[in-house]
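[1] predicted model and sequence follow; I will ask about them next.
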Amino acid sequence: MWHYFRNNSNGNTTIRLAWTTDIHLNFLKMAAIEQWLCQVAVDKPDVLLITGDIGEATDLAKHLIHMVERLDIPIYFILGNHDYYRGSVESVRETVTKLHHQYDKLNWLPLCDVVKLNEKTALVGHGGWADGGYGDFLRSGVVLNDYIMIKDLAACKLHMPQVLQEIRRLGQEAGDYLRKVLPAAAETYQQVYVALHAPPFQEAAWHEGRTPTDQDIHLPHFTCKAAGDAVLYAAIQYPETQFTVLCGHTHGEGEVQLRPNLRVLTGGAEYGYPQIKQVFTVQSEAK
């Protein structure tokens with residue numbers, strides 16, 4: 001892993017972690033992408049975290065390479081559902097795995113397990129998947145472009161029970177991964193940032209200024225319950241560790257404190273206007 005540290009006047013180790021989500025660079029021309037990267041550079045982050053929906057399968061690698069070469073700082077990222085559009089789950093993951101090994105500063109979080117930011121703080125992440133775990137998926141009547149534009153889901157031919165089975169499998173991958181890495185992080189670090197794409201809780205699925213009710217037809221398509229179950233379990237088991245979840249997907253913005261040690265930030269987004277959602281100052285006393 002590559003980690004860049006900045007020492008302030010008090011001799012403390014400080015890392016500026018910039019977080020962005022749902023940037024959808026495939027909607028932008030190169031001049032607009034360059035303008036956005038200049039805006040990122042102005043914030044002078046030491047690390048950039050992207051919580052999914054970077055582009056589409058056909059241009060994802062191009063955008064990732066351009067960002068890491070242009071910014072020349074460590075980039076940690078997860079994949080969102082749009083990143084698989086016009087491709088398959090396997091082919092996209094093969095592509096980002098190769099990039100992860102080819103570029104020292106380009107890091108796909110599921111291959112990193114626990115990333116040490118400093119002595120007190122760690123980062124973990126998995127893209128997850130809106131898995132139909134909340135609400136009534138089969139009665140929602142919602143047909144996402146995912147079910148048409150991602151080969152694995154398109155193969156279900158809109159037979160929704162089969163689609164549900166597939167997204168449940170993908171969501172459970174995230175849950176299983178988090179159940180493995182979160183205890184390892186919590187046993188060592190006081191603060192753990194958890195990067196996800198789909199919100200892991202109903203209360204965090206912000207959209208148009210509110211969170212969905214149990215009857216909301218969009219609820220099953222907004223959230224990854226399997227990931228939420230894993231995060232909540234870790235928060236209960238490790239009450240002295242602070243967990244901060246960073247997610248996106250719904251394009252709505254909001255914050256919820258689910259437990260004294262569990263906070264979820266959902267980043268808002270608008271097509272064509274990527275933004276840095278927040279810059280976190282991660283600091284600990286230098287040894």
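    Everything's here; your move.
[2] alpha carbons only for contacts and neighbour counts from here, please
    Fine.
[3] what helix or strand is the closest residue to residue 134 other than its chain neighbours on?
    In this structure, residue 134 finds its nearest non-sequential neighbour in residue 220, 5.1 Å apart by CA to CA, 6 or more residues apart in numbering. Element membership of residue 220, judged by DSSP states H and E, is helix 219-222.
[4] just checking, what packs against that helix?
    helix 137-140 (3 or more CA pairs under 8 Å, 6 or more residues apart in numbering; DSSP states H and E).
[5] for the helix holding residue 220, what is the distance to the chain centroid?
    Mean-position distance between helix 219-222 and its chain equals 16 Å (CA atoms, centre = their mean, to the nearest Å).
[6] got phi/psi on the closest residue to residue 44 other than its chain neighbours?
    The spatial neighbour of residue 44 that comes closest, neighbours along the chain excluded (CA to CA, 6+ apart), is residue 16 at 7.7 Å. For residue 16, the backbone dihedrals (degrees, to the nearest 10) come out as phi -100, psi 110.
[7] burial measure for residue 16, as a count.
    Residue 16: 21 surrounding residues under other CA atoms under 10 Å.
[8] state the phi and psi torsions of the most centrally placed residue in the chain.
    The residue lying closest to the centre of the chain (CA atoms, centre = their mean) is residue 51, at 2.8 Å. Main-chain torsions, residue 51, degrees, to the nearest 10: phi -100, psi 50.
[9] how near is it to residue 201?
    Distance, residue 51 to residue 201, using CA to CA, to the nearest Å: 16 Å.
[10] now swap in residue 185 and tell me
    Distance from residue 185 to residue 201, by CA to CA: 21 Å.
[11] what does residue 274 give?
    Residue 274 is 24 Å from residue 201, by CA to CA.
[12] and these two? which has more neighbours close in?
    Using other CA under 10 Å, the more surrounded residue of residue 274 and residue 201 is residue 201, with 24 against 21.
[13] quick one: contacts for that one?
    Neighbouring residues of residue 201 by CA atoms under 8 Å, 6 or more residues apart in numbering: 223, 224, 225, 228.
[14] looking at the chain, which helix is longest?
    Using DSSP state H, we find that the single longest helix of the chain is helix 160-186.
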